[in-house]
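*Asks:* Task: produce atomic coordinates for the following.
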Amino acid sequence: MPGLSFGIHVGPQDTTIDELRRLWRFADDHGFDWLSVWDHFYARTSDLIPHYEAVALLAAIACETRRLRFGCMVFAVQFRNLGLLAKSIVTIDHLSGGRLEIGLGAGWHEPEYRAFGYPFLTAKERLDQLEEGIQALRRLLTEDAVTFQGRDVQLANARILPKPLQERLPLWIGGAGERRTARIAARYADGWNIPYISPEDYRRKRAALEHWCEVEGRDPATVRDAVQVGFYMARSDDQRAVSAARERLVRQVGPQAPEQPGYLIGGPAAVAEQIAAYSEAGVRSLNLAIRPPVDWQALEIFVDQVMPQFR
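*Replies:* Numbers count the residues shown, from 1 in each chain. This is a model prediction of the structure:
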C-alpha cells in the first residue's frame with residue numbers, strides 16, 4: 001500500500017505574516033507535500049479576529065517555497081469575478097514554476113456575506129454557482145477565447161493570456177455533500193477535498209464519488225481525494241497535555257468540536273492510531289488543518305515521530 005501524502009491547511013487568522021511565513025517554509029523543508037490557506041473575511045467564531053487575504057498570501061508562498069505544491073482550499077466562487085481569479089491563478093502559477101492547485105467551493109459562512117454585500121443564497125443556488133464557476137474557470141485556463149452565458153457567469157470572447165505553466169492546472173472541489181458536491185467533483189474536477197470526516201465517513205463518500213463517476217462515464221482513478229482533519233495533537237501522551245489540547249479545540253471551534261469527527265486529538269501515540277484508521281479506510285492524502293497560533297513543538301514532534309510511520 002502506498003504511503004500517505006501529508007499537507008497543512010492553515011487559517012490565516014489570529015496570526016502574523018512572520019508566523020505564516022515560518023509555517024510555509026517549515027512545510028517546504030520538512031517533507032509535507034501540500035500547503036493551503038482558506039478564503040474568508042472572518043474567522044468562524046468572531047468578526048474581531050484579524051484575518052489575511054488568500055490571493056496575496058498565495059503569491060508570497062509561490063516566491064518563498066521551492067518544491068511544495070500549494071493552493072487555496074477553497075475559494076468561495078461568489079467572492080471574485082472568475083476572470084480576475086483566473087488572472088491571479090495564472091500569475092501565481094508562473095511565480096511558483098508550476099506548483100499551484102486551486103479549490104472552489106459554494107461558500108458557507110453567512111456573516112461575512114452579509115457584512116460585505118454578497119447575497120447569501122440557498123444551498124442549491126450556491127451549488128449552482130459552483131457548478132457554473134468551475135466550468136468557466138476551466139475553460140478560461142485552457143481555451144483561447146471563451147464565451148459562456150450562465151446565470152451568474154457571463155463571458156464574451158474572453159481571453160486569459162498567458163496560460164498556466166502546467167498543461168492542466170488541477171482544480172479541486174471542496175465540501176462534504178454526497179449528492180450534489182460529489183457529482184460536481186466527478187463531472188468537472190481533478191480532486192475532491194472533504195473536510196472533517198471520520199474514516200467510516202470517508203469510505204461512504206469515496207463510494208459516492210465512484211458512483212457519480214460511473215454515472216458521468218469517468219474513470220474514478222482520475223479524481224483524487226483528500227481528507228482534511230483538525231490538528232490538535234498534544235506534545236506528549238500525558239493526560240494534562242491532552243486536556244490542554246482539547247481545551248484549545250473548544251476555544252477555537254466550539255464546545256461541540258471534541259465530540260465531532262475529523263479532529264486529531266491526543267498525544268503522538270493516539271494521533272498515530274487515528275491516522276492509521278484513515279489509512280486503513282483508503283485515505284491517501286491527509287491535510288492537517290491548523291488554526292494559529294501554531295504549536296511549533298507539537299508540529300515538530302508530529303514530523304519526527306508520527307509522519308515517518310506512514311511514509
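*Asks:* Now do the helices in this protein.
*Replies:* Assigned by DSSP state H, the helices in the chain fall at 17-29, 54-64, 82-96, 110-115, 123-142, 180-188, 199-216, 239-253, 268-281, 296-301.
*Asks:* tally of neighbours for the closest residue to Gly254 other than its chain neighbours?
*Replies:* Counting by C-beta to C-beta, 6 or more residues apart in numbering, Gly254 lies nearest to Thr45, which is 7.0 Å off, once chain neighbours are set aside. Yep, even glycine has a C-beta here, placed from its N, CA and C like the rest. Thr45 has 14 neighbours, counted by other C-beta atoms under 10 Å.
*Asks:* If you average pLDDT over each of the helices of the chain, which is lowest?
*Replies:* Note on these: helix 239-253 shows the lowest mean pLDDT, a mean of 93.
*Asks:* Which pLDDT value does the model give Arg44?
*Replies:* Arg44 carries a pLDDT value of 87.
*Asks:* Likewise for Tyr52?
*Replies:* Tyr52 is assigned a predicted lDDT (pLDDT) of 97.
*Asks:* Asn81 now?
*Replies:* Looking at Asn81, its pLDDT is 95.
*Asks:* Show the backbone phi and psi for it.
*Replies:* Backbone torsions for Asn81, taken as degrees, to the nearest 10, come to phi -60, psi 130.
*Asks:* quick revisit: wait, what's in contact with the residue nearest to Gly254?
*Replies:* Contact partners of Thr45, counting by C-beta atoms under 8 Å, 6 or more residues apart in numbering, are 252-254.
*Asks:* Mind checking which of those are buried?
*Replies:* Buried by 16 or more other C-beta atoms under 10 Å: 252-253, out of the contacts of Thr45.
*Asks:* Tabulate the contacts of Thr45 (TSV), appending distance to Asp237.
*Replies:* Putting the contacts of Thr45 into TSV (distance: C-beta to C-beta, whole Å) gives the following:
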residue	distance to Asp237
Gln252	22
Val253	22
Gly254	25
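*Asks:* Identify, from the contacts of Thr45, the entry nearest to Gly105.
*Replies:* Gly105 has its nearest neighbour among the contacts of Thr45 in Val253, at 18.5 Å by C-beta to C-beta.
*Asks:* right, and the closest one touches Arg44 too?
*Replies:* Yes - using C-beta atoms under 8 Å, Val253 is in contact with Arg44, at 7.0 Å.
*Asks:* Name the stretch among the helices of the chain that sits most buried.
*Replies:* helix 180-188 (a mean of 23; mean count of other C-beta atoms under 10 Å).
*Asks:* Check which helices and strands that one is in contact with.
*Replies:* Where contact means 3 or more C-beta pairs under 8 Å, 6 or more residues apart in numbering; DSSP states H and E, helix 180-188 is packed against helix 123-142, strand 171-174, strand 191-195, helix 199-216.
*Asks:* Just give me the neighbour total for the closest residue to Ser198 other than its chain neighbours.
*Replies:* For Ser198, ignoring the flanking residues on the chain, the nearest one in space by C-beta to C-beta, 6+ apart is Pro261 at 3.6 Å. With neighbours defined by other C-beta under 10 Å, the count for Pro261 comes to 13.
*Asks:* Quickly list what Arg69 is bridged to.
*Replies:* Trp34 (DSSP bridges).
*Asks:* from what I can see Glu131 touches Ile184, true?
*Replies:* Yes - using C-beta under 8 Å, Glu131 is in contact with Ile184, at 5.3 Å.
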